[in-house]
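S.K.: After the sequence you'll find the predicted model.
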Amino acid sequence: MISVDYYLILSAILFTIGALGVLIRRNPLVIFMSIELMLNAANLAFVAFGRSWEIAKGEPFFNGQIFVFFVIAVAAAEVAVGLALIVEIFKTKKNINIDEMNSLKG
Amino acid sequence: MVITNYYLPITQMVAMTSELLVFLVLSLVAIASALGMLFSRNTIYSALFLVLNFITVAVFYLMLGAPFIAMSQITVYAGAIMVLFLFVIMLLGAENLTSSPTQAMPWQKPLAFILALTLTVESVYLIFARAKLDTIITAPDAATNSMENLREMAMTLFDKFLLPFEITSILLLVAMVGAIVLAKKEKAGSKS
């Protein structure tokens, strides 16, 4: 007996852990991973809502899953650019601590 | 729910209970791996915990009758994205970053914990008490996992969502060009 609430609560907890990671960690790689975790939690809510709609209507419904598909594509693009930026910052500063990234021009 | 359970066949009740059990165990794994990602000192361990979390979420997608999304989650997230992360971690040698002794804002950490706890309690309370979203999620049957269903999803993707799909391709192209430009800049600068 799983209701859609359970999935939403799990999604909320995972999202909060991701947000906490962005706030407390100083390593930009871990911050990036936390952002991925938050995207993933949102995806889980999308799919759970889509499934509950499907069950309520009794017919196949794919909009939730297709949204998740797009989110995965956007996350891949974001990671490619973000990691390139981190590598570039590391090359110029020899350090990637978030607290020391406080100037716009390297 | 107890009343509706009353006239269900015993096999169906067992199936539902085992489903709940699977859900609870998997969510425990998901939350534990997320916390492990958060609190690992070594970045490599963080990345591997995140892979575990992604795979757990992929199993949730299977339970929610989304096999295609589950497989793309494993190939794209747990495969491609995390390999990229591990490459960068090893390339930079950033496994153990020494945290700077002087934190910019020392009160930030406790405040972050308090705010995150508030957010969790608030959202759980709202979902339980207010939302009244008590649709029962049943396990996907053979029809949900069939090839026919996948074909129908593809028809939706390439018919109703064709324009977003094409825009996604442009987005990926832009990201690729952006990554190449960022990676190349250093070399051009040193040459001139």
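M.R.: Received, thanks. Here the structure is a predicted model, which means the values were calculated and not measured.
S.K.: didn't B:Thr120 look like it was pressed against A:Leu14?
M.R.: No - using C-beta atoms under 8 Å, B:Thr120 makes no contact with A:Leu14, being 10.3 Å away. In this view, the C-beta of every residue, glycine as well, is placed from N, C-alpha and C.
S.K.: Let me see the contact set for residue 40.
M.R.: Just going to use chain A. When contacts are counted by C-beta atoms under 8 Å, 6 or more residues apart in numbering or on different chains, A:Asn40 touches A:14, B:53-54, B:57, B:77.
S.K.: nope, chain B please
M.R.: B:46, B:49.
S.K.: Let me see the ranges of the helices in chain B.
M.R.: B:2-5, B:10-39, B:43-63, B:67-72, B:82-92, B:108-125, B:147-159, B:162-191 (DSSP state H).
S.K.: Poorly predicted segments of chain B, please.
M.R.: B:1-10, B:12-13, B:97-104, B:131-134, B:185-192 (pLDDT under 70).
S.K.: In terms of neighbours, single out the busier of B:Thr120 and A:Leu14.
M.R.: Set B:Thr120 next to A:Leu14 and count neighbours by other C-beta atoms under 10 Å in any protein chain shown: A:Leu14 wins out with 25 against 18.
S.K.: isn't that one right up against B:Ser33?
M.R.: No - counting by C-beta under 8 Å, A:Leu14 stays clear of B:Ser33, with 9.8 Å between them.
S.K.: Show me whatever sits in contact with both of the two.
M.R.: With C-beta under 8 Å, 6+ apart, A:Leu14 and B:Ser33 have common neighbours B:Asn53.
S.K.: Can you get me a residue count around B:Phe158?
M.R.: For B:Phe158, using other C-beta under 10 Å, the count is 10.
S.K.: what's the nearest residue to A:Met38 if we skip its chain neighbours?
M.R.: A:Gly18 (3.6 Å; C-beta to C-beta, 6 or more residues apart in numbering or on different chains).
S.K.: repeat for B:Gly36
M.R.: Nearest to B:Gly36 is B:Phe49, by C-beta to C-beta, 6+ apart, at 4.0 Å.
S.K.: Next one: the residue most central in space within chain A from A:Ala73, what distance?
M.R.: Closest residue to the average C-alpha location of chain A: A:Leu39 at 2.4 Å, with C-alpha atoms, centre = their mean. Taking C-beta to C-beta, to the nearest Å as the measure, A:Leu39 falls 11 Å from A:Ala73.
S.K.: ok, now B:Met63?
M.R.: Counting by C-beta to C-beta, the gap from B:Met63 to A:Ala73 is 23 Å.
S.K.: State the number of residues packed around residue 80.
M.R.: Since you didn't name a chain, this refers to chain A. Neighbour tally, A:Ala80, other C-beta under 10 Å: 20.
S.K.: that's the wrong chain, I meant chain B
M.R.: 14.
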